[in-house]
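In: Structure, please.
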Amino acid sequence: MALDVDDVLAKTDIASLIGEVVELQPRNARSAELVGLCPFHEDSHPSFEVNAAKGIYSCWSCSAGLNNKRGGNALVFVQKYYGLFFVEALTFLAKRAGINVPDRLFHKTSAKVLQALQQSTNAAALVDRAKRNPSTVSQKASGQAADAPSLRANKSVLYDVLKTAQDFYRAALMAHPKALDYLCQTRGIPLKVLQKYDIGYAPEAFTNINVAYSQDWLGKHPRALINAGLSKVSSKGRQYDFFRDRIMFPIKDAQSKTCGFGARRLSDANVFDPNGHAIKIPKYLNSPATAVFDKSDLLFGLVEARSAIARAGHALLVEGYMDVLGLASHGIENAVAVMGVALSGQNIERLLSVTRHLVICMDPDAAGIAAARRVLDSLAAHLSSNTNPTGKSLHVRFVHLPPLDGISGKKADPDEFIRMHGKHAFEQLISSSSTVEQFLRKVWESDLAQQPGNKIHLAREATHLVTAVKDVALKQSLSKISESCFGPQTLLTPKQAVQTTAHHSATSNSATGQSSAKAPSIHEPSERLRHSCMTLPYEAQIVRPSLVSLQQSVDHLAESDAILWMARFDQAVSAGLAMQKQGGSASVSTLTEVELASHLRVVKAAPSVFSHYLNQISREQLAQQLSVGQIDGHEYLAQIERKRIYPADS
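Out: Residues are numbered from 1 along each chain as shown. As a prediction, this is how the structure comes out:
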């Protein structure tokens, strides 16, 4: 059973949803609209409004919705605020509203949805505390919760605060044997490596970091520790340390300044509440977003690895902080760790500033392989088949880590592997690392073996990656590999589709001596849209992204139907373009029974955005004619009433 979008929205109180993260107030005593400070830009005067009756929100000052729109409904807000895709946002709202979510759907989205739900719960608690204790929130100054760092804080002050904190944590590490023993004895990290990376320790107590600063200084900068992401505020308005009993990894920017921290729990033991229930405490924490820290734009260890990268001739990209330290402990000092789920444009620029060669070595589990694929997606436009790339190109290879002992089958991360097998064995893995083509062939073959019934979806994912590659030789090589894995018919490019469809039509007509097939009736909804695609291919190409979004958002359990339908849509558009270029009229090729069934399911489920778009184009053309005097106002209104892209249903 699929989730019904309308049902989910009907059971979602948008005012309550947004009120969890934005403090909303009635515009006035007689207005049903609520207003607050916009969460999507630096807002000092309420410019964000919510209309609960209509189920929408908007901002007067910024693009608070998707696609540069000023607002949207509850689904749009969740996608924008929590960074979720449509399916994840729909699942989020359904879980929040108590609607049963199909196991298959929740399994695909559970990690990000649960994280967003946790954020939502925490945010709601903060807003509730702020309402009960207004003194803990400087509402007029920033409109933020008391423990939310201000993104407008003085950066110079923050850098000073963070440098002092780094020194404090370094000294604390040397003063706490249990932390030092864990790193040096349990994990085998030499003291000189810890010192090189400025590794530290945040003690267990709730108010340790304050002692690093004078009371006079704290009095002059009361929110400095909060704005630096080092402290939070309790429900009673008291500051407490954000990092406690954790190994501290300073994160440095391009200027080698500490701008935030990554932190690992010292103990992996379970923690229980007074009722005996286990408390989930994350193994790793990062500093929250601040005026100087955005984890998606940073790499751990790049500052320390610059000279080693130059010597080695390549950078080694790994998944975790401990991998960087573990490798450095054995003389592999050119490793850096990605902080986000993918590489941002700024990260790619930073890598390009030090090397044109990248070796990716993620953990060999499913999560590590997924991370490697996300990195590859981020790098697609920069990938090069040339072993001596120039400009903004990167030559990328992949290290495959074998099982730890060859008996248990347990897979090792880079740190575990080098501790067990040593530097020479790891360098051999780098020497025998896979090319992009070899890596993707293995991944695509594995995908197909594990999901044989999802071939079309996997093929389109592969096509998207191949399309993003700019290097001609690499693109051709990857195209051949994808066709060998998924077959050529599922991976037709627009040009290939034109050639295939035109050739099929010419062959058919030549053999039968008949003219092109007669266009079908345009009164059936399933034929109406297809006919428009064939006769108006240029407009169809423009609106295609909206169609893709619609088809894949209506019924997620029938996603393969939508993908098959879109593949046929692409071929129809290409055939129409080919016919127009030849000066003929577009013909509609016959759908197979499977294609027709998928086509009917998708078109029946989705609103006809295409027809609305074409009508909008028509109106804009008429408005243009009116503005230049080609038609008068009476003719304009008359054509608005009678002009249609296709006849109405009988």
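In: For the residue nearest to Val436 when sequence neighbours are not counted, the count of nearby residues, please.
Out: Leaving out its chain neighbours, the residue that sits closest to Val436 by Cβ to Cβ, 6 or more residues apart in numbering is Val396, at 5.6 Å. Using the backbone N, CA and C atoms, a C-beta is placed for each residue, glycine as well. Other residues lying near Val396 total 24 when counted by other Cβ atoms under 10 Å.
In: Please, which helix or strand holds the residue nearest to Lys257 when sequence neighbours are not counted?
Out: Leaving aside its chain neighbours, Lys257 sits nearest to Tyr159 (5.2 Å; criterion: Cβ to Cβ, 6+ apart). Using DSSP states H and E, Tyr159 maps to helix 155-175.
In: elements contacting that helix?
Out: Where contact means 3 or more Cβ pairs under 8 Å, 6 or more residues apart in numbering; DSSP states H and E, helix 155-175 is packed against helix 177-181, strand 200-202, helix 224-227, strand 246-252, strand 258-265.
In: need the next SSE after the first one, C-terminal direction.
Out: Reading on from helix 177-181 to the C-terminus, the next helix or strand found by DSSP H and E is helix 191-196.
In: mind listing what's buried in that following helix?
Out: 193-194 (16 or more other Cβ atoms under 10 Å).
In: Repeat that for stretch 471-487.
Out: Buried-residue list, stretch 471-487, by 16+ other Cβ under 10 Å: 471, 474-475, 477-479, 481-483, 485-486.
In: ranges for the helices of the stretch 351-500 of the chain?
Out: 366-379, 414-431, 436-450, 455-468, 472-486, 494-512 (DSSP state H, counting those that start in this stretch).
In: Out of those, which gets nearest to Ala212?
Out: Smallest distance to Ala212 across the helices of the stretch 351-500 of the chain (Cβ to Cβ): 30.1 Å, for helix 414-431.
In: Mean pLDDT added to the helices of the stretch 351-500 of the chain, as a markdown table?
Out: Listed next are the helices of the stretch 351-500 of the chain as a markdown table, based on pLDDT from 0 to 100:
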| stretch | mean pLDDT |
| --- | --- |
| helix 366-379 | 86 |
| helix 414-431 | 93 |
| helix 436-450 | 92 |
| helix 455-468 | 82 |
| helix 472-486 | 89 |
| helix 494-512 | 38 |
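In: Just give the nearest non-adjacent residue to Arg441, would you?
Out: For Arg441, the spatially nearest residue (Cβ to Cβ, 6+ apart) is Ile481, at 5.0 Å.
In: right, and the one you found touches Phe439 too?
Out: No. Using Cβ atoms under 8 Å, Ile481 is not in contact with Phe439, being 10.4 Å away.
In: mind listing what Ala32 touches?
Out: By Cβ atoms under 8 Å, 6 or more residues apart in numbering, Ala32 lies in contact with 26, 51-53.
In: same check, this time on Gly422
Out: Contacts of Gly422 by Cβ under 8 Å, 6+ apart are His330.
In: What's the separation between it and Ile332?
Out: As judged by Cβ to Cβ, to the nearest Å, Gly422 and Ile332 stand 10 Å apart.
In: For Asp632, the count of nearby residues, please.
Out: If we define neighbours as other Cβ under 10 Å, then Asp632 has 11 of them.
In: Look up which helix or strand the residue lying closest to it once chain neighbours are set aside falls in, please.
Out: Residue nearest to Asp632 in three dimensions, not counting chain neighbours: Leu626, with 7.5 Å by Cβ to Cβ, 6+ apart. Leu626 belongs to helix 609-627 when assigned by DSSP H and E.
In: hmm, who's touching stretch 477-491?
Out: With Cβ under 8 Å, 6+ apart as the criterion, stretch 477-491 contacts 385, 436-437, 440-441, 444-445, 448, 455-456, 458-460, 462-463, 465-466, 469, 496, 567.
In: hmm, try it at 7 Å
Out: The list of residues contacting stretch 477-491 from outside it, by Cβ atoms under 7 Å, 6 or more residues apart in numbering, reads 385, 437, 440-441, 444-445, 448, 455-456, 458-459, 462-463, 466, 469, 567.
In: quick check: mean pLDDT across the helix holding Tyr159?
Out: Helix 155-175 carries an average pLDDT of 94.
In: Just the CA coordinates for that helix, please, in CSV.
Out: Output of helix 155-175 as CSV, limited to C-alpha atoms (Å, rounded to 0.1, in the frame of the first residue of the first chain):
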residue,chain,number,x,y,z
LYS,A,155,34.2,35.5,13.1
SER,A,156,37.4,36.9,14.6
VAL,A,157,36.1,36.3,18.1
LEU,A,158,35.0,32.8,17.2
TYR,A,159,38.4,31.9,15.8
ASP,A,160,40.0,33.1,19.1
VAL,A,161,37.5,31.1,21.1
LEU,A,162,38.0,27.9,19.1
LYS,A,163,41.9,28.2,19.3
THR,A,164,41.7,28.6,23.0
ALA,A,165,39.3,25.6,23.2
GLN,A,166,41.7,23.5,21.1
ASP,A,167,44.6,24.3,23.5
PHE,A,168,42.3,23.5,26.5
TYR,A,169,41.3,20.1,25.0
ARG,A,170,45.0,19.3,24.1
ALA,A,171,46.1,19.9,27.7
ALA,A,172,43.1,18.0,29.1
LEU,A,173,44.2,14.9,27.0
MET,A,174,47.6,14.9,28.7
ALA,A,175,45.9,15.2,32.1
